[in-house]
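Trainee: need coordinates for the below:
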Amino acid sequence: MKRSTDRILTTHVGSLPRPPDLLAFLEARETGREVDQAAFAACLGNAVREVVAKQVAAGIDNVCNGEQSKISYTFYVRHRLSGIDVFRGGDNDKPPQTAAHRDLLDHPDYMQRLNQARGGTSWFSRDAVPCCTGPIAYRDRGPLEIDLTNLAAACAAVKPVEAFMNAASPGVLTKFVPDRNYRDEDAYVEALANALKEEYEAIVKAGFILQIDAPDLGSARHNQYQHLSDEEFLRIAERNIAALNHATANIPPEAMRMHLCWGNYEGPHTHDIPLAKIFDVCMRARPAGLSFEAANPRHAHEWEDLHGAKIPDDKILIPGVIVSTTNFVEHPRLVAQRIRRYAEVIDRERLIAGVDCGFGTSVRRDPMVADSIVWAKLRALSEGAAIASKRLWG
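Mentor: Modelled structure (predicted):
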């Protein structure tokens, strides 16, 4: 992973807007309708080429495929792993009630509004989500190989500074793909880690930086594990990081980064576990880079908490300096100010400017941030990084 040797480099978390024609193919595939595979493949390839070119044009240094092929950053695994199926209906087949965000439970009026909005824009009902129904193994590399080929072709055309590709962490899948087979969470996490190892290694072998999406280290505290104490949750986080480290044992740390967040939704976030409480645990993960939310109003202050933190010399911080859930476009000077705060925490060479979370973590007909505003935000990110670079390098 390149460092900011002479200027602050820019990146983002991964998911970006999908074009309407691709959305139609994704909807058809996920709802079981017949899809013209050749047309789908051509549409997907065009979408990846376009989204990579737009990132480079916006001034983003470390780009990706925008997760164009995925219905969400977690549900995609049902097309790649065996032992995963879609269950519909039945009390025993619903996601556990602890999956509800604790902060939203405090505000039922807002939770009702949010659920109504999501229900009208999502292609998955609450009773039709992927579940583990049998032994987990990596079944089909076809979708992964298509993603790798499309990203390589897109990068060859516009030559970005660097490119990364997303993959779900073992821990985050325990929430979004509930277990109906192992009946033992430790065994389920171990099986997921062993299966995902193949995907992780393939991404790096193809020449891309591997980004492991691990919201289980943050948001899981106030939903999946809200019934636990902080100390009990930290033991879960340590288990998940141990599984991640096992799955990436053959990959150099500098070829990886990990994303941490507290849930990519607009809401109170009043029960988010503080970054300072989980930071030391996150530093034990093998990936060299740590991407995390640092711009939204519940976490923008936490740069102060990292003063004096033990940050290993081989770690790179990628704080979000752009919010991913609002249609405000940050002023470049504000972006520069946020970058400079973190330059007080870590050497400028080990600092990369990022975004809080993805702009399309799951496909919706009515996304939180309008497509055109996404690109305006990314331009503001690169402009702000340029301002910060002048201040930091002179």
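Trainee: what's the first helix or strand after the worst-scoring helix or strand of the chain on mean pLDDT?
Mentor: Each helix and strand of the chain was given a mean pLDDT (mean pLDDT, DSSP states H and E); the minimum falls on helix 108-119 at a mean of 82. As assigned by DSSP states H and E, the chain's next helix or strand after helix 108-119 is strand 128-138.
Trainee: what lies in contact with the helix or strand following that following strand?
Mentor: Downstream of strand 128-138, the first helix or strand assigned by DSSP H and E is helix 142-158. By C-beta atoms under 8 Å, 6 or more residues apart in numbering, the residues outside helix 142-158 that reach it are 41, 44-45, 48-49, 51-53, 56, 63-65, 68-69, 76, 79-80, 163, 165, 199, 202-203, 206-208. In this view, the C-beta of every residue, glycine as well, is placed from N, C-alpha and C.
Trainee: wait, doesn't Tyr182 sit right on Ala191?
Mentor: Yes - using C-beta atoms under 8 Å, Tyr182 is in contact with Ala191, at 6.6 Å.
Trainee: how far away is the spatially closest residue to Cys357 that is not a sequence neighbour from Ser169?
Mentor: Excluding its sequence neighbours, the residue lying closest to Cys357 (C-beta to C-beta, 6 or more residues apart in numbering) is Asn264, at 3.9 Å. With distances taken as C-beta to C-beta, to the nearest Å, Asn264 is found 15 Å from Ser169.
Trainee: quick one, which of those two is more surrounded?
Mentor: With neighbours defined as other C-beta atoms under 10 Å, Asn264 and Ser169 compare such that Ser169 has more, 28 against 22.
Trainee: now that one: closest residue in space that isn't a chain neighbour?
Mentor: Nearest residue to Ser169 in three dimensions, chain neighbours excluded: Ala214, at 3.9 Å (C-beta to C-beta, 6+ apart).
Trainee: contacts only, for that neighbour.
Mentor: Ser169, Gly171, Val172, Asn240, Leu244, Met258, His259, Leu260, Ala285.
Trainee: try Gly384
Mentor: Per C-beta under 8 Å, 6+ apart, neighbours of Gly384: Val321, Glu330, His331, Pro332, Arg333, Leu334, Val335, Ala336, Arg338, Ile339, Ala353.
Trainee: what does the pLDDT read for it?
Mentor: pLDDT recorded at Gly384 is 98.
Trainee: against Gly59, how distant is the nearest residue to it once chain neighbours are set aside?
Mentor: Leaving out its chain neighbours, the residue that sits closest to Gly384 by C-beta to C-beta, 6+ apart is Val335, at 2.4 Å. To Gly59, Val335 is 12 Å away according to C-beta to C-beta.
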